[in-house]
Every structure is written in C-alpha cells, then in structure tokens.
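would you be able to build a 3D model of this:
(chains A and B)
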Amino acid sequence: MELLYATLQSGLASLASYLAAHVLLCLVPAFFVAGALSALLPQQSVIRFLGPDAPKWVAYPAAAGAGSLLAVCSCTVQPLFAGIYSKGAGLGPGITFLFFAPAANILALSYTGVALGADFAIARVVLSLCFGIGIGMIMALLFHRDDAARLANAEAFAGEEGINRRTVIFLIALIALLIGGTLKLDFLTTRLVTLDFTLPAAPAAQAVLDRLVPVNTIKGDEGLSLQGVMLITLLALIGATALHGLGKVDEGFNRLTKVTLGLIAATLVFAAIGMQVTGNGLRFSISGRALAVAALLALLVPLARRFDAWDIQQWLWETWRFVCQIFPLLIVGVFLVGVIRVFIRPEWIQAIAGSNTLLGNLSGVVFGIFMYFPTLVEVPIAKMFLSLGMHPGPLIAYLMADPELSLQSILITSAIIGKLKAWTYVGFVALFSTASGLAYGACVDGEPIVMIALAITAFVGILIGAMYYVGRRQAPAAA
Amino acid sequence: MDIKILGTGCPKCQRLEQLTREVATEIGVDAQFEHVRDIAKIMEYSVLSTPALVIEGEVKVAGRMPTKEEIGHWLGKLG
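Residues are numbered from 1 along each chain as shown, chains lettered A, B, ... in the order given. A predicted model of the protein is given here:
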C-alpha cells in the first residue's frame, strides 16, 4: 500500500514539476512555431532543393533542413522520405533526412534544451547533423549502383513556390519568443523591478505544496511552487477554451479563439515574471525576460494581421493538432517516468553507464533501439537517467539512437528501401550513436574540444572526398 | 469528376478531403472521391509531400492546405 502511494506520488510529482517548470515556456511557443512551419511554409520551398538533379552539396544540407523545418510528426516523415528517396535526390539525402528529422525538429530541440540544458541540445544538433550527413553519404556510397539505376527513370518534379518575406519575419518573431522565454541569459534574468504584496495565505499554501510534492535535491525532484500551481491552472483553462477556440478555428474565428489566445499570452507573460513566496506574502520580480516576452507577443499581433485570415486559421489549427497529437502522450510519458523512477536503483545505472565507457555507450544505444517512446518522451526519460547518475556520454548515445531507431521506423524504412538497406542503416545508426556518445562523453570529461571537432571534421572530410571520387567515376558512365 | 486525395492518414489529409467534399457539394459538382493512402501509389504522382489533391489525374496542390476558393476554382473550371 505504501509502495503504491509512493509510486503514484512520484508520478504526479514528476508530472506537476514538468508542467509547472518546463513545459510552459518552451513547449507552448514551440507548438506555435511547429504549427506555423507546417501551415505557412510551403513544403515545396524546401523540397525543390531535393530534386534528382540537385547537386550533392545542396541536397544533403537541404535534406537536413527539411528534417528540422518540415517534419514534426511521423506522418510527414514517411511520405517525405519516400519522396526524396524515390523521386528526388536519392538514398543518401533521404537517409540524412530520416536521421535528422526526429532529433532536430523544433519541438525536440527546444524541449531538450529546457529539460536537459542547452549543451545537450547543441550536442544533439551538431552530432545529428554530422552523423546524419555521414550515414547518408555512406549509404549512398555502398548502394550507389542501385541508386544510379533507380534514378535513371525517375521524372523530375517542379516546385515553384518560394517563401515570402512576411512568413520569414513572422517565424523569426515566433522563434525569438521561444528563445527569449527559455534561454538563461544574464540580461534576460536580471531583476529590474520587485513588487511585494502582503498575503498571509501564500506561505501557508506553499507549505501545503511542499508536503504534497517534497523537494528532494538528491533525486532531482524539484517540488512545486505556488506559481507552478497557478500556471497549471492556467494551462488547464487554456486547454478547456482551446478545445473549441482552436479546435474549430478552421471554420472561422470564434469568440473562444480570442479568449484562448489572450489566455496563452497572459500565461506566457506570467510565467516569465518571477513569483516568490516570502514570509508574509508574495514578491513579484519583473526581469528583462518578462518584458521581452511581452514585447514579442505584442509584436506578433500586427505581424499576424498581414496574413490572410485563412492562413492564420490554418496556423492555429495545425498548432492545436500538434498539441492534441503530442501533449497527451507526453503527459502519460512523464507520469510513467515518475512511476518507474521509484523502482530503478541509481546504483544500477551508475554501474552500467556511470562513466564514459564503450559498454556504457552501447547499452544506451541498445536501450534506445529496443524501447519505443512516442515523440519527445525520450527527453523526460533522459532526464531521469541523468538524475540517476548516467554519464552524459551514454546519455547522448541514447538520445541519438532512440528517436531514429524504433521497431516502427525500421519497418517503415524497410518497406520503402528494402530490408538490406534498412538493416545496414540500423547498423550504422547504432555504430554512430555509440561513437557520438563516446565523443561527447570525452568532451565532458575534459578532452580538449578541438581534438573532438578535428576528429569529426576529418571523418566527414574523408566521406566527402570518397563521395566526390565516386561521383567523378560515375559521371563519364552516366554521360 | 474524378477527385483523389493523397495522404497517409494525417489530420491534414482528412481535413483536405472534408474540405473538398464540402466545396463539391456547395457548387454542385458530381464527383467520385478516393483517398489514396498507399505510399507507393502516392509516389506515382511524383508528389513529394502530402496532403495532395488530384483532380482528373492532375496534381493541383501538394504539401499545403488550399483555400476553399482555390478548390472551388479548380472544380468549377472543370465542372
């Protein structure tokens, strides 16, 4: 009975502190960015760089770009991959896209950055980019005969649509909001004004919360602040109004749309304002962050008005679709992580992956392959491992392998490119995930970063050289 | 009129089908709808991204959501 209580409490505590501390400032704007990318950015504008005639030095970066800009959910990944592979730039860029998309889309990145720290997010992007392009090139080299035959009878596809300026400006403002709300920069966090209010009920309420969700720095439990509770309440309110306000926005703006958007803006600003419980009341501290968030929100209104109503409706609708698709899974996932955590002994994790060894990195990868977690749930799981004492190296190995490799993605991939290629791909991902874990771990352990950067650069350089060589040898045959 | 919606079952694709059906009913076009979900068949249209709308064998739009006016224009011109 006591165990059951402890488990449930751990689950709820993990959920509460996630909702209160992390999800808000990063995921709310991130969902809006994802919605805008999906609704306002014509896919053709990126994809046209991926046609069969695209030069390699354009195709590989474009594939990575398509991965991070267009693909937030697997329903876009699958057709895009099939398209790039069979009608477009071919196997190599297709694989780059497939590798890069789940690790480096806007939602995954912002969530990793906030939950685990900016250094993990940066490591995730840089390593995914290097190895995504690397694996793509190796696959293209290995199977270049098939590829040449297959591309010979592929017809070109045209894409005329470009990206217009108002979309770019709007996206930049949204991303600035996302970054301004999350980054821990000095000029954003410096307090400008503090306001004190007397409210005797506040310390009492905080005391109750501390008893319900205890702070435990050893286990990494963060507890729940009074502000956190208010934020969760606001989130619930947003959810209730958004059901109609955003869910039905494609049939036209309704009254609840404005209420929902107003609530979201208010929540973001409130979350950016620091609120502390003092001895006999509340202290609000207004920092540069709160002002920046408020200013950017105000700026978004005139920017959004420049679009047709239809575009804005699509944007809000897409945003809400992403929330519906990802948020429930994330909540269940975070809750379960909290539950599981009760049963895992830190000693186990430390014994297997507590230091940056080959075995530790391999076990991170194997765990990533055999466990399938829905989009973004890998992040709270990684956070649990980190707080249980996993070394950052194996953690990166796990983060690299988990979203790219799951039974589901292996099956989809092999349906499109065949079993042999799919399993070769799986092997390379496992290999490179282990390698990137070792590299990142070495970096954390104090190896000079220059050496690691040199090693990665040399590796990619060799690949590009090999690509070029094969390309040269193929060229006369094709002509 | 032969109308095909290419999509892998994502919400956007469902929405496109719904929207096209609405427009077809509004302007009174007699149309057969088919929702193509098989990725191999979708690729036959040289479409790189879904959702896509194919009217009388011609790809009208791919990778984004058309407005009702656009759909009406395509349907009206043929119907």
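
CA only for contacts and neighbour counts going forward, please
OK.

just to be sure, B:Ser49 is in a strand?
No - counting by DSSP: H, G, I helix; E, B strand; the rest coil, one finds B:Ser49 to be coil, located in no strand.

and it, what does it touch?
Taking Cα atoms under 8 Å, 6 or more residues apart in numbering or on different chains as the contact definition, B:Ser49 lies against A:Gln43, A:Gln44, A:Thr76, A:Pro79, A:Leu80, A:Gly83, B:Ala62, B:Gly63.

any weak-confidence spans in the chain?
This is for chain A. Within chain A, the segments meeting pLDDT under 70 span A:21-25, A:71-76, A:147-162, A:183-187, A:216-223, A:372, A:375, A:407-408, A:471-479.

could you do chain B instead?
Within chain B, the stretches with pLDDT under 70 are B:48, B:77-79.

what are the ranges of the helices in it?
Remark: helices assigned in chain B by DSSP state H are B:11-27, B:39-43, B:68-78.

got a list of what the spatially most central residue of chain B touches?
Centroid check for chain B by Cα atoms, centre = their mean gives B:Leu53 as the closest residue, at 2.7 Å. Residues in contact with B:Leu53 (Cα under 8 Å, 6+ apart) are B:Ile3, B:Lys4, B:Ile5, B:Leu6, B:Leu16, B:Val59, B:Lys60, B:Val61, B:Ala62.

ok, back up a step: okay, the helices of chain B in TSV with distance to chain A and mean neighbour count next?
As requested, those are exported to TSV (distance: least, Cα to the nearest Cα, whole Å; neighbours: other Cα atoms under 10 Å in any protein chain shown):
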stretch	distance to chain A	mean neighbour count
helix B:11-27	8	17
helix B:39-43	7	17
helix B:68-78	9	14
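
now tabulate those helices in JSON lines and tack on distance to A:Ala173.
As requested, those are arranged in JSON lines below (distance: least, Cα to Cα, whole Å):
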{"stretch": "helix B:11-27", "distance to A:Ala173": "25"}
{"stretch": "helix B:39-43", "distance to A:Ala173": "35"}
{"stretch": "helix B:68-78", "distance to A:Ala173": "28"}
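
out of the ones you listed, which is closest to A:Ser68?
In terms of Cα to Cα, the element of the helices of chain B nearest to A:Ser68 is helix B:11-27, at 19.0 Å.

closest to chain A out of the contacts of B:Leu53?
Minimum distance to chain A across those is 8.0 Å, recorded for B:Ala62 (Cα to the nearest Cα).

B:Ile55 is in contact with the closest one, correct?
No - B:Ala62 is beyond contact range of B:Ile55, at 12.0 Å (criterion: Cα atoms under 8 Å).

more neighbours: which of those two?
Shown here are B:Ala62 and B:Ile55; by other Cα atoms under 10 Å in any protein chain shown, B:Ala62 has more neighbours (23 against 20).

grab the nearest non-local neighbour of that one.
Excluding its sequence neighbours, the residue lying closest to B:Ala62 (Cα to Cα, 6 or more residues apart in numbering or on different chains) is B:Ala52, at 4.1 Å.

which strand residues bridge the one you found?
B:Leu6, B:Ala62 (DSSP bridges).

starting at the chain centroid, how far to the helix or strand harbouring A:Gly427?
With secondary structure defined by DSSP states H and E, A:Gly427 is part of helix A:419-444. Counting by Cα atoms, centre = their mean, to the nearest Å, helix A:419-444 is centred 19 Å from the centre of its parent chain.

let me see the ranges of the strands in chain A.
Counting by DSSP state E, chain A has these strands, from start to end: A:191-198, A:274-278, A:281-287.

quick one: closest of those strands to A:Leu107.
Per Cα to Cα, nearest to A:Leu107 of the strands of chain A: strand A:274-278, 24.6 Å.

look up how far chain B lies from A:Phe81.
Applying Cα to the nearest Cα, to the nearest Å, the value for A:Phe81 to chain B is 8 Å.

quick one: that residue and A:Thr96 touch, right?
No - look at A:Phe81 against A:Thr96 with Cα under 8 Å: they stay out of range, at 9.5 Å.

circling back to that earlier point, right, so of the helices of chain B, which gets closest to A:Ala401?
Nearest to A:Ala401 among the helices of chain B is helix B:39-43; the distance by Cα to Cα comes to 25.5 Å.

please write out the alpha-carbon positions of the closest one in CSV.
What follows is helix B:39-43, C-alpha atoms only, in CSV (Å, rounded to 0.1, in the frame of the first residue of the first chain):
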residue,chain,number,x,y,z
ILE,B,39,2.6,5.3,-50.2
ALA,B,40,3.7,3.5,-53.4
LYS,B,41,0.6,4.7,-55.2
ILE,B,42,1.1,8.3,-53.9
MET,B,43,4.6,8.3,-55.3
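
so what touches that helix?
Residues from elsewhere that reach helix B:39-43, judged by Cα under 8 Å, 6+ apart: A:Pro79, A:Ala82, A:Gly83, A:Ser86, A:Lys87, B:Leu6, B:Gly7, B:Thr8, B:Val36.

stretch B:7-21 now?
Stretch B:7-21 is contacted from outside by A:75-76, A:79, A:321, B:5-6, B:35-39, B:42, B:50-53, B:65, B:68, B:71, using Cα under 8 Å, 6+ apart.

ok, A:Ile172 to chain B distance?
Separation of A:Ile172 from chain B (Cα to the nearest Cα): 20 Å.

let me know how buried that residue is, in neighbour terms.
A:Ile172 is flanked by 13 other residues according to other Cα under 10 Å.

okay, it and A:Ile47: tell me how far apart.
Between A:Ile172 and A:Ile47 the distance is 21 Å, computed by Cα to Cα, to the nearest Å.

and if you look at B:Met65?
Taking Cα to Cα, one finds B:Met65 at 16 Å from A:Ile47.

quick check: longest helix in chain A by residues?
What stands out as the longest helix in chain A, according to DSSP H, is helix A:309-341.

is any part of that one close to chain B?
Yes - shown here: helix A:309-341 in contact with chain B (Cα under 8 Å from any Cα of the partner chain) through A:Trp310, A:Gln314, A:Arg321.

other SSEs contacting that helix?
Applying 3 or more Cα pairs under 8 Å, 6 or more residues apart in numbering or on different chains; DSSP states H and E, we find helix A:309-341 packed against helix A:2-17, helix A:28-40, helix A:378-387.

which parts of the stretch 251-400 of chain A sit against chain B?
A:Trp310, A:Gln314, A:Arg321.

could I get those as JSON lines with neighbour count?
Output for those, formatted as JSON lines (neighbours: other Cα atoms under 10 Å in any protein chain shown):
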{"residue": "A:Trp310", "neighbour count": "17"}
{"residue": "A:Gln314", "neighbour count": "25"}
{"residue": "A:Arg321", "neighbour count": "18"}
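
domain map for chain A?
Per automatic domain parsing, the domain ranges recorded for chain A read A:2-39+A:165-341, A:42-162+A:344-478.

for the ones you listed, which one ends up most surrounded?
Comparing the domains of chain A by mean neighbour count (mean count of other Cα atoms under 10 Å in any protein chain shown), domain A:42-162+A:344-478 ranks first with a mean of 20.

find the nearest non-adjacent residue to A:Ala103, please.
In this structure, A:Ala103 finds its nearest non-sequential neighbour in A:Pro403, 6.4 Å apart by Cα to Cα, 6+ apart.
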